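Novice: My questions are about this predicted structure, shown below with the sequence.
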Amino acid sequence: MIRAALTVDDARAGMKALEPKIERYAHLIMRQGVNVRPGQEVVLTVPVEVQQFARVLVRCAYEAGAGHVTVIWNDDVVTRLHYENVELSWFEKVPSWQREQLDSLARDGACFVFIEGSDPEALKGIDPAKPAAHAKAQNTQCRIFRRGLDFNLNPWCIAGAPVPAWARAVFPDVDEEVAMYKLWCAILSVARADGEDPESDWELHDATFDKNLRFLNERHFVELRYTAECGTNLTVGLTDRHVWEGGCSSTPDGHRFFPNIPTEEVYTSPHCERVNGVVYATLPLIHRGTKIDRFWLRFEEGRVVDYDAEVGLDALRSIIECDEGSCRLGEVALISKNTPIRESEILFYSTLYDENASCHLALGIGFPECYEGGYDMSTDELRSHGVNTSTTHVDFMIGSDDLDVTGITADGREVPVFVNGQWSWE
């Protein structure tokens, strides 16, 4: 039986029917994502195109007990105009008012919600040095804010909401309203937010990470070896006291939150000086509005020493050459191909979603929670133990249906971890 294509009227009726689910999704973000504490400041960064959803989020934040909600709006069009018309030097310094805004909010204990939704190629043709300089400036000059996120001092959560340009990129062959409806359906589905009780569903989902985390933390591998038919042949050394994490995170005082909705990964920070070999990306990377595709990296003693990309080479270069640590790995993440995002067969053109469909690595800063006692260490102390330091953190996807990952134990035993893109016991 051939199903008739959705019409615009179908999409409008569908969006009306989705309203209760979208409301529950907003509650999920506030109650499980950042897990708002009574009286806490909530900072919401959101695209201007989703103002209606932003209003729902603000209401849900107050219903969850927020003391006050600050909304920071993003606009792809205005951002592009800035990059087209302002000199590079302007982006190398964060205005004092913005530093004070972000740092004071973090200092006072706010939680931060970031709603992803943008044109995947919003900055196509823009000199990548400008957005790279802007990001580096914010990450180095807004120090309290940046440390609050990097060390989980402030609960934070990244979630998604559709905007028209993004929906058209994901579903290019349908009317815009149909594309928006389809993307909303996809987001709610892969975020486990399309049921009657998403908060309970997420509590169950969090428990599913336990087996994989226990397997990895009990064996305490010294290395992981990645091989795939695309040419990937990479050895990643792990630190002496590494810890695998996944599912919910916690602040140092034990307040639980989910940094990403959705999330399917278990992850740790490797030893940033013990990575050797070549790795090929298997999905496009959308980085600050620019597509990077069909690229590879070669590592020697932890550093990227050679690389290439068929699409977006300049943008890839801007990532690798951002600072001293941006050419080293800060994360290795394992994700089975048997996850809702992968099974949806949708390429989201968004790292938040595509990274949760695929094993991935990240260039840049590592995680203090992934080293025993890391919360009590400075960044220099973490670096001395092999946890990378950087002003950036950029995930790229390397998972495939034929990816094998082998764990090497301290006594030299080889233990299959992934076979053909999934956990060895699946």
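Specialist: Yep, it's here.
Novice: When you work out contacts or count neighbours from here on, use the C-alpha atoms and nothing else.
Specialist: Will do.
Novice: which residue ends up closest to the midpoint of this structure in space?
Specialist: Centroid-nearest residue in the chain, with C-alpha atoms, centre = their mean: residue 352, separated by 4.3 Å.
Novice: show me where the stretch 101-250 of the chain has strands.
Specialist: 111-116, 156-160, 223-227, 233-238, 245-246, 249-250 (DSSP state E, counting those that start in this stretch).
Novice: mind checking the SS state of the residue nearest to the centre of the chain?
Specialist: helix (DSSP: H, G, I helix; E, B strand; the rest coil).
Novice: OK, contacts around it?
Specialist: Residues near residue 352 by C-alpha atoms under 8 Å, 6 or more residues apart in numbering: 116, 158-160, 260, 262.
Novice: Swap in 10 Å and give it another go.
Specialist: Residue 352 makes contacts with 116, 158-160, 260-263, 395, as judged by C-alpha atoms under 10 Å, 6 or more residues apart in numbering.
Novice: cool, residue 280 as well?
Specialist: With C-alpha under 10 Å, 6+ apart, residue 280 has these contacts: 228-234, 294-298, 307-309, 396-399.
Novice: quick one: the residue nearest to the centre of the chain from residue 314, how far?
Specialist: In this view, residue 352 and residue 314 are 22 Å apart by C-alpha to C-alpha, to the nearest Å.
Novice: Am I right that residue 293 falls within a strand?
Specialist: Yes: looking at residue 293 with three-state DSSP, it is inside a strand.
Novice: partners of it in the sheet?
Specialist: residue 311 (DSSP bridges).
Novice: Does it touch residue 314 like I think?
Specialist: No: contact criterion C-alpha atoms under 10 Å: residue 293 and residue 314 do not qualify, at 11.6 Å.
Novice: any residues in contact with both of those two?
Specialist: residue 308.
Novice: More neighbours: those two, which one.
Specialist: Neighbours were counted for residue 293 and for residue 314 using other C-alpha atoms under 10 Å; residue 293 has more, 19 against 16.
Novice: so where's the stretch 1-150 of the chain shaky on pLDDT?
Specialist: By pLDDT under 70, the low-scoring segments of the stretch 1-150 of the chain are 1-4.
Novice: one more time with 90
Specialist: Counting by pLDDT under 90, the stretch 1-150 of the chain has low-confidence residues at 1-5, 121.
Novice: got the residue ranges for the helices in it?
Specialist: 8-28, 51-63, 76-85, 96-107, 129-141, 143-150 (DSSP state H, counting those that start in this stretch).
Novice: Tabulate these in TSV, adding columns for mean neighbour count.
Specialist: Converted to TSV, the helices of the stretch 1-150 of the chain look like this (neighbours: other C-alpha atoms under 10 Å):
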stretch	mean neighbour count
helix 8-28	17
helix 51-63	18
helix 76-85	14
helix 96-107	16
helix 129-141	20
helix 143-150	19
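Novice: Of those, which is nearest residue 412?
Specialist: Counting by C-alpha to C-alpha, residue 412 lies closest to helix 143-150 out of these; the figure is 33.6 Å.
Novice: Now do the closest one: which elements does it pack against?
Specialist: For helix 143-150, the packing partners by 3 or more C-alpha pairs under 10 Å, 6 or more residues apart in numbering; DSSP states H and E come out as helix 96-107, strand 111-116, helix 129-141, strand 156-160.
Novice: Contacts for the longest one next, please.
Specialist: To tie it back to what came earlier, the one meant is helix 129-141. The contact list for helix 129-141, computed with C-alpha under 10 Å, 6+ apart, reads 79-80, 82-84, 86-96, 98-99, 102-103, 123, 142-143, 145-147, 287-289, 314-315, 317-319, 321-323, 390-392.
Novice: tell me the contacts of residue 253?
Specialist: Residue 253 neighbours (C-alpha under 10 Å, 6+ apart): 152-153.
Novice: Got the phi and psi for it?
Specialist: In terms of degrees, to the nearest 10, the main-chain angles of residue 253 are phi -90, psi 10.
Novice: Okay, it and residue 375: tell me how far apart.
Specialist: Counting by C-alpha to C-alpha - residue 253 and residue 375 are separated by 11 Å.
Novice: list residues touching both of those two?
Specialist: Counting by C-alpha under 10 Å, 6+ apart, the residues touching both residue 253 and residue 375 are 152-153.
Novice: Which phi and psi values does residue 193 adopt?
Specialist: Torsion angles, degrees, to the nearest 10, at residue 193: phi -120, psi 20.
Novice: Number the residues from 171 up from this point.
Specialist: Happy to do that; since the first residue is 171 now, the last one works out to residue 363.
Novice: Cross-check the contact I'm expecting between it and residue 202.
Specialist: No: with contact defined as C-alpha under 10 Å, residue 363 does not count as touching residue 202 (11.6 Å).
Novice: Quickly list what's touching both of those two.
Specialist: 196, 369, 372, 431.
Novice: Just to check, the second one is in contact with residue 431?
Specialist: It refers to residue 369. No: using C-alpha under 10 Å, residue 369 makes no contact with residue 431, being 11.7 Å away.
Novice: circling back to that earlier point, going by neighbour count, which of the contacts of residue 450 are buried?
Specialist: The neighbour-count test (16 or more other C-alpha atoms under 10 Å) marks 398, 402-404, 464-468, 477-479, 566-569 as buried among the contacts of residue 450.
Novice: between the residues you listed, which is closest to residue 209?
Specialist: Nearest member of the buried ones among the contacts of residue 450 to residue 209, counting by C-alpha to C-alpha, is residue 566, at 37.2 Å.
Novice: Which strand or helix spans the closest one?
Specialist: Counting by DSSP states H and E, the element that carries residue 566 is strand 563-567.
Novice: Let me know the average pLDDT across that strand.
Specialist: Mean per-residue pLDDT for strand 563-567: 95.
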